[in-house]
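1. Next one to model:
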Amino acid sequence: MRQITLSDHAGSQASKAASARADRFETKKLRHSVLMAERQAKADALRESSRLAFAERRWFAGVFSLLSRFTHALTPGPSTPKLEAPDRDETVWNAGSEGERRVAETFGAALSDEWVLISGYRNPGGEVDQLLVGPSGLLAVEIKFINGRVFCDKESWWRDKYDRYGNLVERSVPIADRRGRSPSAQVNAAADRLQSFLNKRSSLRRVHRAVILSHDASELGDLRDPTVDLVTTIGQLSKLTLSSVLETDCSDLDVGRVVGLIERDHAFHARPRGSKKRQGKESARLAPGSDGGV
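-> Residues are numbered from 1 along each chain as shown. Model (predicted):
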């Protein structure tokens, strides 16, 4: 299986967050070294003051300087800085990146070189974690790194979370992105637009959709009328599962052409807004079978 990365939002965001944490840590270490140097300079000055006082037989001043040195030594120094732990956002980005890696490895072990896995395709409907393109069709995949038992009722998704001893610790926790969209709504928004684009330019009639749960502790609960073709855990993911979903009305899909169209469409939507408007005016004069973006 060949892999193409158009963008890596989760990975890049996690990397930026980790870099920012490291920068803050370096700043704290520098400040700490300055404070420690100032503390040592004061200790040296008190020691020298004490030495001179006794050398000059100024006994009262000498005793006072000893007390000052003692007090200074007992005063807590600046705390040694520690590298911050990843915050919630960085943890989520790392989990998302790890989930995508695991799913890609599972696909790669099951599929031949006829298949292509595209990561990070984006259009106005949003970003698709992975697009799997092969001779029998195209699958748009939303990947969720979720610890717990997952349920859905059409577009409403939630989970129950259990601890490692099997005790229920959270019940009916909604599963949605920051815009309030369920996993199926997320993948469908982008897949609908991609399907419309490819319908006009290739023999592909349908973009199939899947939600894959990539956490080892993910389980499937009651799934009522999901609006995607497949909901599965990474443990259940297999070539047989894919073959049962990727049924298409086109025979021997031209994988190279579809991949090229996807890359062009992603690049089109990644352009600055002004250039897309100009491109749109040019595309409007082209025939429906054109390879331009929409």
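
2. Show me how far whichever strand or helix holds Leu194 is from its chain's centre.
-> Element membership for Leu194 (DSSP states H and E) is helix 183-199. Helix 183-199 sits 20 Å away from the centroid of its parent chain (C-alpha atoms, centre = their mean, to the nearest Å).

3. What of stretch 204-211?
-> 23 Å.

4. which parts of that stretch are buried?
-> 204, 206-211 (16 or more other C-beta atoms under 10 Å). For the C-beta atoms, the positions are set from N, CA and C on the backbone; glycine is no exception.

5. tell me which residues in the helix holding Leu194 are buried?
-> 183-191, 193-195, 197-198.

6. re the thing from before, taking the buried residues of stretch 204-211 one by one, which sit in strands?
-> 208-211 (DSSP state E).

7. Nearest to Val92 among those residues?
-> For these, the closest approach to Val92 (C-beta to C-beta) belongs to Val211, at 16.8 Å.

8. Next, the contact list for the closest one, please.
-> 141-144, 183-184, 187, 226, 228, 230-232 (C-beta atoms under 8 Å, 6 or more residues apart in numbering).

9. Name only those of those residues that count as buried.
-> Counted by 16+ other C-beta under 10 Å, the contacts of Val211 give 141-144, 183-184, 187, 226, 228, 230-232 as buried.

10. mind listing the helices for this structure?
-> In the chain, the helices defined using DSSP state H lie at 9-55, 59-74, 88-110, 183-199, 239-245, 255-270, 273-284.

11. pLDDT (mean, whole number) over the fifth one?
-> The average pLDDT within helix 239-245 is 72.

12. Work out the gap between it and the centre of the chain.
-> For helix 239-245, the distance to the chain centre is 26 Å (C-alpha atoms, centre = their mean).

13. buried set for it?
-> Using 16+ other C-beta under 10 Å as the test for burial, helix 239-245 gives 242, 245.

14. what comes into contact with that helix?
-> 110-111, 132, 136, 139, 208, 210, 229-230, 232.
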